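Participant: next come a sequence and a model predicted from it.
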Amino acid sequence: MVSFPQQIELNYFPQDIECFYKIGTTEHLSTPCEYNSKCEVYIKVRNIVKGESSVAIGPIQNPNNISGTSFFRLCILYNDYATECNDQFGKVYFGRKPGKDIYKFQTQLNSINTHIQMYKN
């Protein structure tokens, strides 16, 4: 189970969520999952083996008004009981939106390019 931090609200989740599971160097394979109103995603994996594994969940919309999240929580469940949990599993940081700054930057580049061309001639 992956519990999303409070900054990722329920309205950021799609109606139909997709989950993928990967063991070692194999490709991610689709696996059944579901989520609840507490933004907890339950991923159904039959066997967890020793070694590196990864899970991908999505598509979940990124919030616009924050620079990052608090910690995610990851729990391994067996027969619906948590056998192991990590309350500080990881955080996500969001870069700023490009917005109008891209145009401003492009204008500055064009201006610099014009000055370089004038200098060459």
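Facilitator: Structure received.
Participant: just give the closest residue to the residue most central in space within the chain, not the sequence neighbours.
Facilitator: Against the mean C-alpha coordinate of the chain, by CA atoms, centre = their mean, the closest residue is V92 at 6.7 Å. Distances taken as CB to CB, 6 or more residues apart in numbering put T69 closest to V92, at 4.9 Å, once the chain neighbours are dropped. Glycine gets a C-beta too; all of them are placed from N, C-alpha and C.
Participant: just the pLDDT for that neighbour.
Facilitator: In this model, T69 is scored at 88, pLDDT.
Participant: ok, now which ones touch it?
Facilitator: Residues in contact with T69 (CB atoms under 8 Å, 6 or more residues apart in numbering) are F4, P5, Q7, I8, K91, V92, Y93.
Participant: of these, closest to Y21?
Facilitator: F4 (17.7 Å; CB to CB).
Participant: G68 versus the closest residue to the closest one other than its chain neighbours, what's the distance?
Facilitator: Leaving out its chain neighbours, the residue that sits closest to F4 by CB to CB, 6+ apart is C39, at 4.1 Å. C39 is 16 Å from G68, where distance means CB to CB, to the nearest Å.
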